[in-house]
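In: Got a predicted structure plus its sequence, pasted below:
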Amino acid sequence: MAYKFLIFDLDDTLMSFQKAEEVALDKTMEVFFEEDLRSQARKAYHPISKSLWQALEDGRLDSPGNINNLRFKKLLETMPHRGHYKDAAQFFWQVLGEQRHLMEGVEELLPNLHGSYHLSILTNGIKKIQHRRIESSILEGVFTLINNSETLGVSKPDPRIFSLHLEQLGNPSKEEVLMIGDSLKSDMAGAKAAGIPCCWYNWQKSPLPSQNPPDYHIHHWREFIPLLNSSL
Ligand SMILES: [Mg+2]
C-alpha cells in the first residue's frame, strides 16, 4: 500500500525532547537551587516528571497542561530551594520552549517528504511549548496539521485522539495512513488500536516486542525513505 498521510510524533521522534529538557533543567537548577543541591534536585526531577507523564498515558491525569506546575510543586517540596514552584515551572517552560534540537537525520529527511506526502504531527505535549518549539524551526511550514493532546482533550494511546486527527485530515482511508513515533505504547499501540499502520522509530535500538510488534521499525531516519518506497 502506498502511504499518503504520514503522522509523526514530535518528542524524541522529530525533535529531541531529551536535549531540550536537559538544557531547561540545567538552567532552572541554577536559578532555583544552591549549587550543592543541584545534582540532587536534577536526579529527583526525572522520576517525578516520568510518573506524571505515565499518569497521563494511563488516564489518571486529564491534561498535560497541569504536569509542569505539578512536577515543580512536588520537586520543590522535597528539598530546600529559592523562589516559588510556579516561578520555577514557568522558567523551565520558557527555556524548554526555546530549544529546537532535531533528531539526527530529520533535517535531511523532511525535504524528501515535503510535497510528496501529507505531513502532520500528533503529540502528547503541552500546546504552548510544542508550538513555540516548532515555530522558527525547520519543521514550520512543512506540516499541514499539528495537533496536541491538550487541544484535542484526549491523549495517545487513546484511539479517539487518532480518530479526531484523521477527521481533521479529511478522513482518509486508514490504509493510506502511517503513524511514526518512538513510543511503543503511545504511538504504536495507540495507532494499532485505531486501525492505523505504524512504524516504530526505534532510535534507542531497544529489542522488538514479541507480542503485537509494530508493522515497521527503523533505527535511523535514513532508513525511512527506502521503507516508504518498498511499501509501494
Ligand atoms: Mg515521543
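Out: Everything's here; your move.
In: what does the helix ranked longest in the chain contact?
Out: In the chain, assigned by DSSP state H, the helix with the most residues is helix 38-57. Residues from elsewhere that reach helix 38-57 (CB atoms under 8 Å, 6 or more residues apart in numbering): 25-26, 29-30, 32-33, 61, 63-64, 67, 70-71, 74-75, 78-79, 81, 124, 149, 155-157, 185-186. Just so you know, the C-beta spots here come from the backbone N, C-alpha and C atoms, and that holds for glycine as well.
In: need the helices for this protein, in chain order.
Out: Secondary structure of the chain (DSSP H): helices located at 17-32, 38-57, 67-78, 85-97, 106-113, 127-134, 149-152, 159-168, 190-193, 224-230.
In: what comes up buried for the first one?
Out: It refers to helix 17-32. 17, 20-21, 24-25, 27-29, 32 (16 or more other CB atoms under 10 Å).
In: Tell me how many other residues crowd the nearest residue to L52 once chain neighbours are set aside.
Out: Leaving aside its chain neighbours, L52 sits nearest to I67 (4.7 Å; criterion: CB to CB, 6 or more residues apart in numbering). Residues lying near I67 (other CB atoms under 10 Å) number 19.
In: now Q204
Out: 8.
In: give me every residue that touches it.
Out: Q204 is in contact with D182, counting by CB under 8 Å, 6+ apart.
In: same deal with K156?
Out: K156 makes contacts with 9, 57, 122, 124, 149, 162, 183, 186-187, 190, as judged by CB under 8 Å, 6+ apart.
In: All set, thanks.
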